[in-house]
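> Dropping a prediction and its sequence here:
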Amino acid sequence: MTFTSRWIAGGAALLVIAAVAAGCAMAPAPDYDKVALDMIKGSFRPQGQAGLDRLQQDEAQRLCSGPTAPAPADLKRIETAELATVKPPPSGRYIGDWREGEKLAQNGRGMTWTDPAGTPAGGNCYNCHQMSKAEISFGTIGPSLYNYGKLRGVQDPADPASAPIVQYTWGKIWNAKAYSACSEMPRFGHAKVLSEQQIQDLMALLLDPKSPVNQ
Amino acid sequence: MRRLIALAAAALIGAPAAAQSSADEIAKYRAMLADGNPAELWEAKGEALWKQPRGPKNASLQQCDLGRGPGVGKGAFVGLPRWFADTQRVQDLESRLLTCMQTLQGFDAAEIAKTPFGRGEQANIETLVAWISSESRGMKFALPQAHPAERTMYEAGKRIFFYRAGPYDFACATCHSQEGKRIRLQDLPDLTTAKGAGAGFGAWPAYRVSSGELWSMQRRLNDCYRQQRFPYPGYASDATIALGVYMGVTAQGAESIAPALKR
C-alpha cells in the first residue's frame, strides 16, 4: 500500500489502526502521514514567485507520492481526468519552428524562486532526454527522443496520415500524466509552464523532418 | 597553509573545464585533488572558530554537545541527526550548532537562520560543519533510532522525500529514486538505497568546484528544493531535518567522506 492511498483512505484507515492498536493494548503508532504533512506546512516560506500554494497537491500528485505505484484503478482514474485537460491549439496549428524548439529544449530555466516572475520558462528537454545527435550533454531520466518523428514514419506532419502521432505528441507535452499517471515529466501545458507557441516549436523539434532530432 | 592556498587557486583555475567536461573528466579531476581538497581551508578555519571565544557571551563552542558529550567532535557527524533531551528535538548538525551558538555564545539563532547562505554567521557555520564532519572522516554512519521521535522523523522524512508538488510535479524522488540516472551529464545518486545514500548524503558538506564554495547539507537541500520549484525551505526546519534522518538512516554503514569534492 502506498503512502498516498493511505492519505486518501484517511480517517477510516486510522480508526482501524487505532482499534487494532487498542486491542493489543499498545500505544497507537503516530499518524506519520499527518506528521509529514504538518511538517511540510510548517517548514517552507514563500520566496520570489514560489508561493506556499505550490505545496498544495492535486489528486495526481497526491496519488503518485509513494515509493510504489498506486493501484491500477487509481492510475486509470488519473489518466482519464488528465486526458480531459488536454487542449488542442485553437488555431489548429500544431507545428511551429524547430529552431526555436531547439533553443527551448536547451533552456532549463524558469519558475524557481530565483527566476524573475513573468519570464518565459524553458522546456528542460535535454535535462532528461537525448534529442539531437550533436548535443551529447543530455540526461537519462526520460527515454531518448532521437529520431522521434522519423522512427514513427512522419514524413509530413501536415499530412492527415500523421494526425494521430501529431495529436498524441501534443497531448504528451501538454499533460504527460494523461498517458502515464505518475510520469516524471511536468505537465507543460496544463500547469501553464509553456505557452501554445512554445509547445508548437517543441512539436516542430520532434516532428519536422528537417529538425536535428530527425537527422 | 601555502600548499592549501595553491591548491585552492588550482581548483578555481580548473573549475570551468571541470564543469563542462564529462563525468569521467570530473572523476579524474576529483582523484587528482584527493589529497588536497580545498575544503581543508574551511576545516582549518572551523577548528579555530570552534575554540575561539565569540558572541555576546564571549564563549567558545568547546562545551557544545553534538551528541557524544560536551566538546566531543569525533564521531558526532556520523550519528546526526539525533534526539537531544535539552531541546526536546531531533536535530541535525546545523540546527544543533544554532542551539550551541545561542545557549553558549549568546547569538540569536533565529537571526542566523534568516541570514542568506555564505554571509555573516552562516559563512562561519560552513567552516564549523567542514571541520566537524572531517573529524568523522572514514567512520561509518550510525544514526540512533532508539528514541520514538527519531523513528517518527525517519518515517516523516521518507514521506517528504516522495512528496510531489509544485508546477513541475517534482519530488526529491523524481531525480533520486532510480540507479544510474543523470541530469545532463550529472550523475544522480539513488537516495533510496544504502549505496546511493552513502554516496549522496554521505558526501555533504562538500567543496563545490563549479562555485568555489563549501556547501553544507542544508544548502544542498535548499538548492534541490529551488530546482524542484518549491517554496523556500526554512534553514534547519523540521522537514529538512526529517530528510536528513531518512537519508542518513538509509546510508547506515556507509563510510563518511565529508567534506567531499563535488562538481
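That came through, no problem.

> What's the local residue count around residue 117?
Unless you meant another one, I'm taking chain A. 9 (other C-beta atoms under 10 Å in any protein chain shown). C-beta here means a position set from N, CA and C on the backbone, and glycine is covered the same way.

> hm, I was asking about chain B
For residue B:117, the neighbour count with other C-beta under 10 Å is 16.

> Repeat that for residue B:80.
The local packing of residue B:80 (other C-beta under 10 Å) involves 28 other residues.

> what's the spacing between residue B:48 and residue B:155?
Going from residue B:48 to residue B:155 by C-beta to C-beta, to the nearest Å gives 39 Å.

> May I ask which helix or strand of the chain has the lowest mean pLDDT?
This is for chain A. helix A:3-23 (a mean of 44; mean pLDDT, DSSP states H and E).

> hm, I was asking about chain B
Every helix and strand in chain B was compared by mean pLDDT, DSSP H and E; the lowest is helix B:2-20, with a mean of 43.

> For the most centrally placed residue in chain A, list the residues it contacts.
When C-alpha atoms, centre = their mean is applied to chain A, the residue found nearest the centroid is residue A:186 (2.5 Å). Shown in contact with residue A:186 (C-beta atoms under 8 Å, 6 or more residues apart in numbering or on different chains): A:124, A:176, A:193, B:167-170.

> How about residue A:214?
Contacts of residue A:214 by C-beta under 8 Å, 6+ apart are A:147-150, A:207-208.

> If you tally nearby residues, what's the number for residue B:232?
Per other C-beta under 10 Å, the neighbour tally for residue B:232 reads 18.

> Using a markdown table, lay out the contacts of residue A:214 together with neighbour count.
Shown next, in a markdown table, are those (neighbours: other C-beta atoms under 10 Å in any protein chain shown):
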| residue | neighbour count |
| --- | --- |
| A:147 | 16 |
| A:148 | 20 |
| A:149 | 24 |
| A:150 | 15 |
| A:207 | 26 |
| A:208 | 22 |
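
> How is chain A divided into domains?
Chain A resolves into domains spanning A:3-68, A:98-214 when parsed by automatic domain parsing.

> Which SSE is immediately downstream of the helix or strand residue A:78 falls within?
Assessed by DSSP states H and E, residue A:78 sits inside helix A:72-83. Using DSSP H and E, the helix or strand that directly follows helix A:72-83 along the chain is helix A:98-106.

> Buried residues, that following helix. List them.
For helix A:98-106, burial by neighbour count (16 or more other C-beta atoms under 10 Å in any protein chain shown) applies to A:98, A:100-102, A:104-106.

> which residues touch that helix?
The contact list for helix A:98-106 (C-beta under 8 Å, 6+ apart) reads A:122-123, A:125-126, A:131-132, A:135, A:194, A:198, A:201-206, A:208, A:210-213.

> count of neighbours near residue B:224?
Neighbour count of residue B:224, defined by other C-beta under 10 Å: 16.

> Would you confirm that residue B:99 contacts residue B:91?
Yes - counting by C-beta atoms under 8 Å, residue B:99 does reach residue B:91; the two are 6.8 Å apart.

> pLDDT weak spots in the chain?
No chain in the question, so chain A it is. A:1-26 (pLDDT under 70).

> Let me rephrase: I mean chain B.
B:1-23, B:25-26, B:29-35.

> which residues of it fall in strands?
Remark: strands assigned in chain B by DSSP state E are B:82-84, B:89-91, B:182-183, B:186-187, B:206-208, B:213-215, B:232-233, B:260-262.
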